[in-house]
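S.K.: everything below, folded, please.
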Amino acid sequence: MSDYYNAKRTYGLFRPDDEGIFKLSRSKIDLFLNCPRCFYLDRRLGVGRPPMFPYTLNSAVDALLKKEFDIHRSKGEAHPMMEHYKIDAIPFKHEKMDEWRNNFTGIQYLHKPTNLLIFGAIDDIWINPDKELIIVDYKSTSKDGDINLDADWQIGYKRQMEIYQWLFRKNDFKVSNIGYFVYANGIKDKEAFDKKLEFDVQVLPYEGNDSWIDDTIVKAHQCLMDDKIPQANEDCDYCNYNSARINAENKY
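M.R.: Numbering: from 1, shown residues only. This next block holds a predicted model:
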């Protein structure tokens, strides 16, 4: 068996008869919305989707942006990018910033009706003069034309932002409805690579609405409590592949 992917997991599974707290990441909530069947197979039965290979260049851009904004955070001053986009804010300084950025802890909230501990790791937080926290997420790409948030698949980015806003509100912070995506776009029309990759960086505002989250958590919990595997989602590439593979094998 490949060391990279263990197809059947025995740890971190939801058990209906266990009254303890169960951790559920914001990415698994997004998985539930995309395909309840894949969500159930993953969290209840331990069979996750095959993982994507890590985006190491994206991770490098994230790390460098965090270092850059942290310099201004330590000084209590606005980043020049904020001034360029006329965003009246500075990077938020808090003792838990490293914890909130950690993929295994993040910002957490116990949803008491379901006993699900919802968590997610943020990239950055700014604060405006009204003492409202502004959720910020870093994104990287390389594409021609202007960067925007109009693609259907970017709904996942928007949900991500809204879950972070919800989590900080549940932790008694005052949170702005407006968040920002700091979007780095790799430039491909240079004459030569010359051992460096340059980026255009844009800051895109997004007005979040977290009203869907509580109801979705309840539905995700109901899905996990059920002893029946949900039907395959006709729009899910993973479900469609698995169905086609099984059909092909049965006809062989």
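S.K.: partners of Trp126 in the sheet?
M.R.: Using DSSP bridges, the beta-bridge partners of Trp126 come out as Pro91, Ile134.
S.K.: give me the number of residues near it?
M.R.: Counted by other Cβ atoms under 10 Å, the residues lying close to Trp126 total 23. The way it works is simple: take the backbone N, C-alpha and C, and place the C-beta from them, glycine included.
S.K.: what of Arg159?
M.R.: Neighbours of Arg159 (other Cβ under 10 Å): 21.
S.K.: leaving out the residues flanking it, which one is nearest to it?
M.R.: If the residues on either side of it in the chain are set aside, Arg159 comes closest to Asp30, at 5.5 Å by Cβ to Cβ, 6 or more residues apart in numbering.
S.K.: now that neighbour: phi and psi?
M.R.: Main-chain torsions, Asp30, degrees, to the nearest 10: phi -70, psi -40.
S.K.: show residues contacting the helix or strand hosting Ser243.
M.R.: With the criterion set as DSSP states H and E, the secondary-structure element containing Ser243 is helix 237-251. For helix 237-251, the surrounding residues in contact (Cβ atoms under 8 Å, 6 or more residues apart in numbering) are Cys35, Arg37, Cys38, Arg49, Ala232, Asn233, Glu234.
S.K.: of those residues, closest to Asp98?
M.R.: Lowest distance from Asp98 to the contacts of helix 237-251 (Cβ to Cβ) belongs to Arg49, with 29.3 Å.
S.K.: that closest one is in contact with Arg37, isn't it?
M.R.: No. Using Cβ atoms under 8 Å, Arg49 is not in contact with Arg37, being 10.7 Å away.
S.K.: can you pull the poorly scored residue ranges out of the protein?
M.R.: In the predicted model of the chain, residues 1-7, 53-54 satisfy pLDDT under 70.
S.K.: how about the helices of it, start to end?
M.R.: Across the chain, reading from the start of the chain, the helices by DSSP state H fall at 26-34, 36-43, 56-75, 80-84, 97-101, 155-170, 213-225, 237-251.
S.K.: quick one: the third one to chain centroid distance?
M.R.: Spelled out, that is helix 56-75. What separates the centre of helix 56-75 from the centre of its chain is 17 Å, taken as Cα atoms, centre = their mean, to the nearest Å.
S.K.: can you point out the buried residues in that helix?
M.R.: Neighbour-count burial for helix 56-75 flags Val61, Asp62, Leu65, Lys66, Phe69, His72, Arg73 (criterion: 16 or more other Cβ atoms under 10 Å).
S.K.: nearest to Lys196, of the helices of the chain?
M.R.: Judged by Cβ to Cβ, the one of the helices of the chain that comes nearest to Lys196 is helix 56-75, at 12.3 Å.
S.K.: what helices or strands is the closest one leaning on?
M.R.: The elements that helix 56-75 packs onto, with contact taken as 3 or more Cβ pairs under 8 Å, 6 or more residues apart in numbering; DSSP states H and E, are strand 90-91, strand 124-127, strand 133-141, strand 178-186.
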